[in-house]
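Trainee: Give me coordinates for this.
(one chain, ligands or ions: 1)
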Amino acid sequence: MLLCTRRLPQCYGRSYSTLGHDPAKVVVNVPAGAQIYRFGDVGSNATPALHLKKGKGWQIREGETWAVIGTGGGSGKTTLFKTLLGQLRISPIPPPPHGLYPFLATRSLDPYQFVSLLSFAHRARGGSEFYDFSARYGAVREEDRITLRQTMKLPGPNEPMSPDDERELELLDKLGLTSLLDLPAIALSNGQTRKARIVKAVCRQPRPELLLMDEPLTGVDASTRPTLTSLLETFHTRAAPRLLLGLRAHDPIPDWVSHVAVVGDGHGARVQTGRKGDVPVESSSSTTVSFVSSSSSSSPDSNASSSPSRKKEEEAGEPLAELNDVGVKYGDRQVLSSITWKIHPGSRWHLRGSNGSGKTTLLSLLTGDHPQSYSLRAKLLLFGKPRYQTATVELTTKVGLASTDVFDSFPRRSGVSVEDVIRMGFTGTYFLQRRRSSSGEDVDDEARAKWKWEDERLEHIVSHLGPSRWDLTPSLVPATVEFLKRDFVNLPQSEQYMVLLMRALVGRPPLVILDEVWAGMSEGMVRATKAYLTSEEGLGRDQAAVVVSHLVEEVPWGSEEGLRMFSLDNGEGKEVQI
Ligand SMILES: Nc1ncnc2c1ncn2[C@@H]1O[C@H](COP(=O)(O)OP(=O)(O)OP(=O)(O)O)[C@@H](O)[C@H]1O
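Mentor: Numbering: from 1, shown residues only. Next up is the predicted model:
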């Protein structure tokens, strides 16, 4: 047990001054020059997963506020968090008797119980099988019926409440979740779920003494961000619980963060620690952190013209999707009302709205996933036809979808390669339809031409959105062939997001829907995606795109490129001027 916090008899009598200060005031103590290894990686040839600078240690002291910033795809940040959870080996070991967590050791508290991680990384819902996320659009399964109140272990409305329950309810109220307490937890939107999980993590009993919180603000709407940020600050200053935040290189660092640990990516990456402002926060390619302006076409690949006639061009084609006075209701809960919207070929839409305003529900009508899309008949036309007249596979082929829901529910099976996952995009399915004959003998010309096109598209998409475009340090860029062979399940989360984006785009579908795909990506990946989507070869004039993001900077286009905005407010939607 490396965390080494219990006082060992042989350590008794050793002075607390081994660290040069009161150990009760040291939260984390990683020894100077520490190297971090995966268990099993031993011997002189083993490469550390991470390392500190020679002669430099990492101490977090009581009263300081730290953020761990991942500058690559984010796998370095995850590795550092895992290290703090005791899942990797630190060499040399944090010195006994106080070990990695002196503040816990002086109170004989077990770090396995009092240090925890709140991460929004993929949590398998259906194991290696596809979990049908459309279950949350109404027909909730019996096993999913558990309410938010039950998940939070809160008493019923007329039952007595403890002070802890009251605190929890107060936090839920501040984050606008009280009215959702008696809904099935699965019905909550992504942002609502995130907020509920944050409240649950800080109110858990026994309360953690140190909570590692990875990217708590991602996916949270702009209007709740200040409330959530100030709540996080209050938790930390009251040590209820102390927080260690995980951020991406391009996330804004809250004012109250005093120190940063900047982690690179890949095996052997360096951890640089110090006061905020003293440690440069740079992506692996050493470029400074900057977004390509949403209204600029400065990406090298960009051919997108700022032609004023662009809007006219769009209106020329028949709408790909058409909603006329559409409403969606669950029981007496009206989630969407009177939505009228036409999406034409070539149009670029930013769909925006606060958490729970109905964005995902609206998109599920466009994809035909929503059960109520069948009964809308002529009020919802997809590619000119009502939903019930269209085969599902026709829609999954014509609508390229990448979203948090797809990410969360995508089956993770070993043996399914990156190439397999991207190729699934040709039909938008979750399994790969193997080609009938690899020799090509009993195959007609049409099928052969289709295969050729698919192979070319695969190559095209990987060369434009693959690792060579992510601003990785050159030594970390795998060869394309090797990347395509990798098991999808073993990729870091940010790379899985990229592969699912490639799956959505590979078939050149007429309608592309990207719902918060940037949330899980590194800065280099966001940049590559923007460069590609703003280029003519990335997204053609015959294709339409709808993107959802809480950050305007993440939207690839500006009004000059014909971007239009559809805004949802409490289920009511309309086009607004940018
Ligand atoms: N089965 C259901 N029963 C009742 N309400 C539901 C159900 N499913 C969804 N809702 C509610 O519908 C609203 C819209 O959810 P939706 O997921 O569309 O929001 P969103 O705009 O995508 O939010 P976010 O930005 O957090 O992803 C939410 O308030 C949600 O709680």
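Trainee: For my notes, confirm Glu156 occurs in a strand.
Mentor: You called it Glu, but residue 156 is Gly. No - Gly156 is assigned coil when assessed by DSSP: H, G, I helix; E, B strand; the rest coil, not a strand.
Trainee: so which helix or strand takes in the residue lying closest to it once chain neighbours are set aside?
Mentor: In space, and not counting its chain neighbours, Gly156 is closest to Arg149: 7.3 Å by C-beta to C-beta, 6 or more residues apart in numbering. To be clear about C-beta, it is placed using only N, CA and C from the backbone, and glycine gets the same treatment. For Arg149, the element it lies in under DSSP states H and E is helix 148-151.
Trainee: can you give me the mean pLDDT across that helix?
Mentor: Taken as a whole, helix 148-151 has an average pLDDT of 94.
Trainee: can you check stretch 103-117 too?
Mentor: 94.
Trainee: Can you give me the first-to-last residue distance of that stretch?
Mentor: End-to-end distance of stretch 103-117 (C-alpha to C-alpha, to the nearest Å): 18 Å.
Trainee: What ranges does the stretch 51-200 of the chain have for its strands?
Mentor: 58-61, 66-70, 89-91, 115-118 (DSSP state E, counting those that start in this stretch).
Trainee: quick one: which of the ones you listed is nearest the ligand?
Mentor: Closest to the ligand of the strands of the stretch 51-200 of the chain is strand 115-118 (C-beta to the nearest ligand atom; 17.1 Å).
Trainee: list the helices and strands the closest one packs on?
Mentor: Judged by 3 or more C-beta pairs under 8 Å, 6 or more residues apart in numbering; DSSP states H and E, the packing partners of strand 115-118 are helix 190-203, strand 210-214.
Trainee: what pairs with the residue nearest to Gln577 when sequence neighbours are not counted across the strands?
Mentor: Take Gln577 and drop its neighbours on the chain: the residue closest to it by C-beta to C-beta, 6+ apart is Met565, 7.6 Å away. Using DSSP bridges, the bridge partners assigned to Met565 are His350, Val576.
Trainee: pretty sure Met565 contacts Arg352?
Mentor: Yes - Met565 lies in contact with Arg352 (C-beta atoms under 8 Å); the separation is 6.4 Å.
Trainee: Kindly give the local confidence score, pLDDT, for the closest residue to the ligand within the stretch 451-578 of the chain.
Mentor: Taking C-beta to the nearest ligand atom as the measure, the point where the stretch 451-578 of the chain comes nearest the ligand is Leu568, at 6.4 Å. As predicted, Leu568 sits at a pLDDT of 95.
Trainee: List the contacts of it.
Mentor: By C-beta atoms under 8 Å, 6 or more residues apart in numbering, the residues touching Leu568 are Leu336, Leu351, Arg352, Gly353, Ser357, Gly358, Lys359, Leu362.
Trainee: Backbone dihedrals for it, please?
Mentor: In terms of degrees, to the nearest 10, the main-chain angles of Leu568 are phi -110, psi 130.
Trainee: Relative to Gly400, how far out is the closest residue to it other than its chain neighbours?
Mentor: Ranked by C-beta to C-beta, 6+ apart and with sequence neighbours excluded, the top spatial neighbour of Leu568 is Gly353, at 3.3 Å. Here the distance between Gly353 and Gly400 works out to 22 Å (C-beta to C-beta, to the nearest Å).
Trainee: Same check on Ile69?
Mentor: For Ile69, the distance to Gly400 (C-beta to C-beta) stands at 32 Å.
Trainee: Mean neighbour count, the strands of the stretch 51-200 of the chain: which tops it?
Mentor: Highest mean neighbour count among the strands of the stretch 51-200 of the chain (mean count of other C-beta atoms under 10 Å): strand 66-70, with a mean of 25.
Trainee: Okay, now the sheet partners of that strand, with direction.
Mentor: strand 242-248 (parallel), strand 259-263 (parallel).
Trainee: Show me what that strand is in contact with.
Mentor: If you take C-beta under 8 Å, 6+ apart as the criterion, strand 66-70 is touched by 60, 76-78, 80-81, 244-249, 251, 253-254, 257-263, 265, 276, 281, 522.
Trainee: cutoff 6 Å now
Mentor: Under the criterion C-beta atoms under 6 Å, 6 or more residues apart in numbering, residues 60, 76-77, 80, 244-247, 249, 253, 257, 259-263, 281 lie in contact with strand 66-70.
Trainee: Over stretch 540-560, what's the mean pLDDT, rounded is fine.
Mentor: Rounded mean pLDDT across stretch 540-560 is 92.
Trainee: same deal with stretch 225-243?
Mentor: Per-residue scores along stretch 225-243 average to 95.
Trainee: Stretch 183-199 now?
Mentor: 91.
Trainee: Centre of the chain to it, how far?
Mentor: On the basis of C-alpha atoms, centre = their mean, to the nearest Å, stretch 183-199 sits 15 Å off its chain's mean C-alpha point.
Trainee: Which strand or helix spans Thr454?
Mentor: To be clear, residue 454 is Glu; Thr isn't right here. Using DSSP H and E, Glu454 falls in helix 445-465.
Trainee: For that helix, name the packing helices and strands.
Mentor: helix 523-533 (3 or more C-beta pairs under 6 Å, 6 or more residues apart in numbering; DSSP states H and E).
Trainee: And the next helix or strand past the helix it packs on?
Mentor: Past helix 523-533, the next helix or strand by DSSP H and E is strand 544-548.
Trainee: ok, residues contacting that following strand?
Mentor: If you take C-beta under 6 Å, 6+ apart as the criterion, strand 544-548 is touched by 320, 343, 345, 347-351, 359, 511-516, 539, 555.
Trainee: when you scan it, is anything in it near the ligand?
Mentor: No - using C-beta under 6 Å from any ligand atom, strand 544-548 stays clear of the ligand, coming no nearer than 7.2 Å.
Trainee: Alongside the ligand, which residues does the stretch 201-350 of the chain contribute?
Mentor: Selection of the stretch 201-350 of the chain residues close to the ligand by C-beta under 6 Å from any ligand atom yields Tyr330, Arg333, Val335.
Trainee: just to revisit the earlier point, wait, the residue nearest to Leu568 touches Lys359, no?
Mentor: Yes - in this structure, Gly353 is within contact of Lys359 by C-beta atoms under 6 Å, at 5.3 Å.
Trainee: More neighbours: the two, which one.
Mentor: Applying other C-beta atoms under 10 Å to Gly353 and Lys359 shows that Lys359 carries more neighbours, namely 27 against 21.
Trainee: for that one, what are its contacts?
Mentor: Per C-beta under 6 Å, 6+ apart, neighbours of Lys359: Leu351, Gly353, Val548, Leu568.
Trainee: swap in Val406?
Mentor: Leu500.
Trainee: just checking, it is part of a helix?
Mentor: Yes - using three-state DSSP, the assignment for Val406 is a helix.
Trainee: hang on, Lys342 packs against Leu320?
Mentor: No - using C-beta under 6 Å, Lys342 is not in contact with Leu320, being 8.8 Å away.
Trainee: Tell me which of these two has more neighbours.
Mentor: Taking other C-beta under 10 Å, Lys342 and Leu320 do not tie; Leu320 has more neighbours (24 against 16).
Trainee: show me the contacts for the more buried one.
Mentor: Contacts of Leu320 (C-beta under 6 Å, 6+ apart): Ile343, Pro510, Leu511, Ala544.
Trainee: So for it, what's the pLDDT?
Mentor: Note on Leu320: pLDDT of 96.
Trainee: got it, and Val26?
Mentor: For Val26, pLDDT reads 95.
Trainee: again, but for Pro300
Mentor: For Pro300, the pLDDT comes out at 30.
Trainee: Give me the neighbour count for the residue nearest to Gln577.
Mentor: 16.
Trainee: Point out where the stretch 351-500 of the chain drops to low pLDDT.
Mentor: Residues of the stretch 351-500 of the chain that meet the criterion pLDDT under 70 lie in 436-442.
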